[in-house]
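Participant: Fold the following for me, if possible:
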Amino acid sequence: MMNCRRFLTAFIALLIIILPNIALADTVLTVTPGLNGLYKTDQPVQLNISIANNGAAVENAVLMVKQNRESLGYTPAGSAVYQKTVDLPANQRVETQIVIPGEMANNNALVYLYANDTELARAKVQGVAVNDFIGLSVGETPLANGLPIWLETNMKNMLTLKYMAPTEVPDNPIALGAADFIVMDDQSIGALSSQQLTTIHHWVTLGGTLLLSGGAGAAEGQAFADISPVLVTGNKNITGNWNGLRTATNAVAVTTGTFVDGEKLLTVDGTTLVARRTIGRGDVVYSAVGLENLQAKDNKVWEALLKMHDAPIMAAKHGNDRDINISLLDASANFPQLHPPSITYLVGIWGLYMVLVAPGLYLLLKKYNRRDWAWLGVPMLAVLTAAVIYYSAPMHKLNGPLGQTLAMVEVVDEQVAEIKADGSYVSPKGGELMLADTDQGLITPRVRYNGDNWGQLPIIDYSNQQIGVNYGKVGYLSLRQASLYKVVNDFGYIKGEVKLEGSKITGQLINQTNIDIEKCILIFGDNVVELGELPTNGSINVDEDVMTAKRFNWETDLQDWFGTNTEALYQIRDAVATKEYVVETEADKGIQLVALAKQVPGLMQLKNADAENISTAMIKQQIPLVLPDSGKFRLPAGFIPANIVESNGGLEQTPEGYMIHGGHVTVEFNLQLPVQQQVEVQAVEISNLLVASNYQLSIFDWTNASWVPIEPNRGRLAGNDLKPYISEQNRLRINIEKSDYYDVMPLPGLAVEGVVK
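Facilitator: Sure thing, here's the model as predicted:
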C-alpha cells in the first residue's frame, strides 16, 4: 500500500511538471507528405504543413526542411535546406506547402519552424514511400464493393490504392504527379474547387489515368465532359449478366450517352459500358456503371477498366514520360569557349618583356648610374608582365558569374508544358552565388563538396511566389550545379496541323510561344522534314512528298540535323530518343515537331549582379495529323515505324535503310493511327521483304494465338484475311527467322489503307 502511494505521488508530481508545458505550447506543427502520406522517391513530394498558432501573432516565421544528419551520421549528396517564410496570425491555423525531392522525404527529413532564430516547433516527415503504382479514390463510394478486393487479388504488389477526401486533392500538378490512377464519382467531383479540377486535367495530360465511375462529370457542362470518351445524356436500368460479363443479374443503373472519341472497350445491347480516350499522354476511362455496383468476381469488366496489354493500364504508358531524372548536367558544364589571347599577342608581350628587361632596363639604369636598382626593376617588370598575361585570360572577361542551363521542354497541349532542365554555374571570382526561378517547381542541387556543413548547404527558398537558391559564399572558380522540374501553363503552343493528301503532307504551323525557334524539324515515322527558323508569331508552311522524304533515326540523326553548336545535343537527344526499340517508341506518337531555341525565359538563372546567363532548350510537340475528310486514304510505308519487340541481333542504319542482324527478329506495327478522325483499317501492305530461301516469315494470328507462315511475295493483306492478324489493341506482328545468323535483311515497312468513318 505504501509503495502504491509513493508511486501515485511521484506520478502526480510528474504530471505537474509536464502538463503546464503541454498546455502552454503555443505552436503545433504537423506534416503530411505526398498524397495523404504516399509518395515516390523518384518524384517531387509536396509537404502539406499545418501550423496551429495558439499564441500571439508571429510575422516572418521561417519553415525549414532539413535532413536529420544526427540520425544519419552524414550529409547525403545533393543536400539542401528548403525553406519558406510564413506569417502566423494569433490563435489561428495556417496551411502551407513546400515541395522537396522524394529521396529527401525518405531520408530522415525534419521540418523546423523558427521565429527570430528561435525554434518554435519541429516535426518529422513521416509517410510511406511506394515503388509501385499509386491509385486514389476521391470519395468512399467507389470503394464500397468489389474494387479493393479485385485489386488485392489481381494486382497485389503492383498498385497501392488509398482513399483521399476531396479537400486533400492537391491543386498543383507536380504534387499530384505521383498518382498513376484516380477514381472519381459525382459526389466527389462536386466537392472539388476549380483549381483542383484544372490540376486533374493537367495531371491527365501529363500521363495520369482518370476513371469516371458511373459517368461522373461527363454530362454537358460538367467538369470532365471535354475529355470523357462518352458525353452523358441520360441513364437507364439494365439487367442480366451482360453476356457473361458480370456475376449478378439484378437491375443496375447505368449512364447512357453519345460516344465522342477514343475506343469502346465493352458494349452491351448498344450501350457503351466502358470506353477509353487518350488525352495528351494520359487516359480517361469511362464506366457507365458505378464501381460500387460491381462485384470482385466481375473480372471481364474490371479487366476492361484497369488493364491493357495484359498489364495494368498505368504500365502501358511511356515510362520515360513520367521520369524526371533525365540528366543534362555533364553537357551543361561544357560552357561556350571564351577566346584566349592570340599567340601573336602573347609573343609580343614576352618580346617586349625581354627587350625591357635586358637592354632596355640596363641602358636606362646605366644612363642614370643606378645599375644597382636592377635588383628591384627586374622583379617588378616580371610581375607586371605576368599580371598583363594573367588578366588577359578568358575568365577575366567576365564581370560576374557565368551560368548555362539546358532544358528539355515537352509541350503537351495548349495549357501544359513540362520542363526538365539542368544547369552549371561558375563564379570566377568567388563570393555569394544565387539562382532564381519564376515558377513553383522543384530545384534540386546536384553537386556537394566535401567539408560542407549545415551552414554551407544551399538554401532553396519558396517565399514570394518564386524559387530562390542561395549557395552562400563560394570560393574562387567554384562550380555549382542544379536540376529543375516544373509544369507551366504559359509556355505557349505551336498551332497548326498537317494534312495527308495523296503521298504529300501539307499544312501551316504558327509559333504561339514567347521564344524564337532557331531550327526545327518535323518527324513522322521514319522520315523527317527540315523546316528551318520559326520566330515568335511567325509561320512556316509544310509541303513534303512522303515518298521522297529523308530517312530519320531518333538515336543517331538528331544531332546531325541541329549541327554541333552545343555538346548538349547529345544529352538532350537522350531525353527524346528511345535507347532501345520497344513496343512504344517516340515514333509511335505520330508527327512531332522538334525545335532548338536559345535564351529561353522561365528557366532557373543566376541573379547576381553582372551575371551572364546562357540557356538552350530542345522543344518537342506532337502535331495533329488530319486525313482527307472522307473516303479512302493510304499511309505510305515508313509512316508507321516497325518496332522491334524481340531480337537476338541488332539494327544497322545504311544508305539503303535499316538492316536487321541476327537469327530472328519480331517486329510490331501500331495500327492505332495517330490521326484526329475515326478510321477503319482495311488493308496493309508489307514491303522490303526479300524473296530468298533462307528467310521464313510468319505473322501472328491473335485469334488463335499462333504464328502463321506467309510467303515473302504475299505482302498484301485485306478484308477478312487481315482481321485475325490485328489485335484488340490494333497491333500487327511479323516474325522473321533466318537460317544464316550473319546474313542481314531490310527492316520491313508497312503501308496502311483504310477509310475515314
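Participant: Torsion angles phi and psi at N154?
Facilitator: phi -110, psi -20 (degrees, to the nearest 10).
Participant: and what of L211?
Facilitator: Dihedral angles (degrees, to the nearest 10) for L211: phi -110, psi 120.
Participant: Burial check on it, number of neighbours?
Facilitator: Using other C-beta atoms under 10 Å, L211 has 25 other residues around it. Any C-beta I mention is one placed from the backbone N, CA and C, and that applies to glycine too.
Participant: go on, Q92?
Facilitator: The burial count for Q92: 11, using other C-beta under 10 Å.
Participant: gap between it and I51?
Facilitator: According to C-beta to C-beta, to the nearest Å, Q92 stands 9 Å off from I51.
Participant: now the end-to-end length of stretch 623-633.
Facilitator: End-to-end distance of stretch 623-633 (C-alpha to C-alpha, to the nearest Å): 19 Å.
Participant: For that stretch, the averaged confidence score.
Facilitator: The average pLDDT within stretch 623-633 is 82.
Participant: from here on, count from 23
Facilitator: Got it, first residue is 23 now, which makes that one stretch 645-655.
Participant: for the strand or helix carrying V377, packing partners?
Facilitator: Assessed by DSSP states H and E, V377 sits inside helix 365-377. Applying 3 or more C-beta pairs under 8 Å, 6 or more residues apart in numbering; DSSP states H and E, one finds that helix 365-377 contacts helix 396-412.
Participant: Downstream of the helix it packs on, the next helix or strand is which one?
Facilitator: strand 424-433.
Participant: Sheet partners, orientation included, of the helix or strand immediately after that next one in the chain?
Facilitator: Going down the chain from strand 424-433, the next helix or strand is strand 439-449, by DSSP H and E. Sheet pairing for strand 439-449, assigned by DSSP bridges, gives strand 424-433 (antiparallel), strand 500-510 (antiparallel).
Participant: looking at the protein, which helix or strand does the model trust least?
Facilitator: helix 341-344 (a mean of 36; mean pLDDT, DSSP states H and E).
Participant: highest average neighbour count across the strands paired with strand 439-449?
Facilitator: strand 424-433 (a mean of 24; mean count of other C-beta atoms under 10 Å).
Participant: helix/strand/coil for the residue located most distally from the centre of the chain?
Facilitator: Residue farthest from the centre of the chain, counting by C-alpha atoms, centre = their mean, is N391 at 77.6 Å. What DSSP: H, G, I helix; E, B strand; the rest coil gives for N391 is coil.
Participant: so V67 bridges to which residues?
Facilitator: Assigned bridge partners for V67, using DSSP bridges, are I122.
Participant: let me fix that: A619
Facilitator: The partner residues for A619, given DSSP bridges, come to I539, A639.
Participant: where's it relative to K629, distance?
Facilitator: Counting by C-beta to C-beta - A619 and K629 are separated by 22 Å.
Participant: Comparing those two, which residue is more hemmed in?
Facilitator: More neighbours surround A619 than the other of A619 and K629, with 22 against 17 (other C-beta under 10 Å).
Participant: which sections of the stretch 73-222 of the chain are below the confidence cut-off?
Facilitator: For the stretch 73-222 of the chain, applying pLDDT under 70 flags the ranges 92-100.
Participant: That one: helices as residue ranges?
Facilitator: Taking DSSP state H, counting those that start in this stretch, the helices of the stretch 73-222 of the chain run over residues 91-94, 124-127, 169-176, 195-198, 208-212, 216-227.
Participant: Check those helices for me and report the most buried one.
Facilitator: helix 195-198 (a mean of 24).
Participant: other SSEs contacting that helix?
Facilitator: Using 3+ C-beta pairs under 8 Å, 6+ apart: helix 195-198 touches strand 66-75, strand 114-123, helix 216-227, strand 500-510.
Participant: would CSV of those with distance to V434 be doable?
Facilitator: Converted to CSV, these look like this (distance: least, C-beta to C-beta, whole Å):
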stretch, distance to V434
strand 66-75, 17
strand 114-123, 20
helix 216-227, 5
strand 500-510, 9
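Participant: Specify the stretch among these that is closest to D651.
Facilitator: Closest to D651 of the helices and strands packed on helix 195-198, according to C-beta to C-beta: helix 216-227, at 27.4 Å.
Participant: Show me what that closest one is packed up against.
Facilitator: helix 195-198, strand 231-235, strand 304-309.
Participant: just the angle between that helix and strand 439-449, please?
Facilitator: 90 degrees (axes from the mean of the first three to the mean of the last three C-alpha atoms, to 10 degrees).
Participant: now the helices for the stretch 523-672 of the chain?
Facilitator: Going by DSSP H, counting those that start in this stretch, the stretch 523-672 of the chain shows helices at 580-584, 590-598.
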